[in-house]
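Asker: Give me a 3D structure for the following:
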Amino acid sequence: MVAYRIDRRSGIPAYVQLVLQTKQALRRGELTVGDQLPTAKDVVETLTINPNTVLKAYRELEREGLVAPQPGVGTFVVASLAKPGMAEKTALQRELNRWLDHGISAGLDRGDLEALVVSALDSRYDNEGEQP
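Answerer: From the prediction side, this is the model:
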């Protein structure tokens, strides 16, 4: 099950953060078809946010065809965003963690590391997210 977190200083609406975190969990294979999302009540209690925020996020995920509500039961994943290459995620995650450790050792903070990653991604992918 996905464990949501909200960064109230990010400037990104809370419902968007929930949507993005759900999509990331789907991409990483942490959520798969048939998995149940946390109940809105559980998310509200854990994050102390408005119930409408959670419901808005879940409606957006439903609109995108990723989840479907089952009244009285919960909201379930109906589509995956994981790609076949994600099967190699453990090795890639180890490499990424080593890279992050190296950057942190060099005195870089989260913003610095994020800027490097975004720059590298931008140089390899066009505006559509496709490889050149």
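Asker: Residue 26 and residue 82 touch, don't they?
Answerer: Yes. Taking Cβ atoms under 8 Å as the contact criterion, residue 26 and residue 82 are neighbours in contact, 6.6 Å apart. Glycine gets a C-beta too; all of them are placed from N, C-alpha and C.
Asker: quick one, which of those two is more surrounded?
Answerer: For the pair residue 26 and residue 82, the greater number of neighbours falls to residue 26 (22 against 17), based on other Cβ atoms under 10 Å.
Asker: where's that one relative to residue 32, distance?
Answerer: Between residue 26 and residue 32 the distance is 8 Å, computed by Cβ to Cβ, to the nearest Å.
Asker: Please name the residues that touch residue 37.
Answerer: Applying Cβ atoms under 8 Å, 6 or more residues apart in numbering, one finds that residue 37 lies in contact with 1-2, 22, 31, 58, 61, 67, 74-77.
Asker: What's the PyMOL line that selects buried ones from the residues you listed?
Answerer: If you want just the buried ones from the contacts of residue 37 in PyMOL, going by 16 or more other Cβ atoms under 10 Å, the selection is:
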select buried, resi 2+22+31+58+61+67+75+77
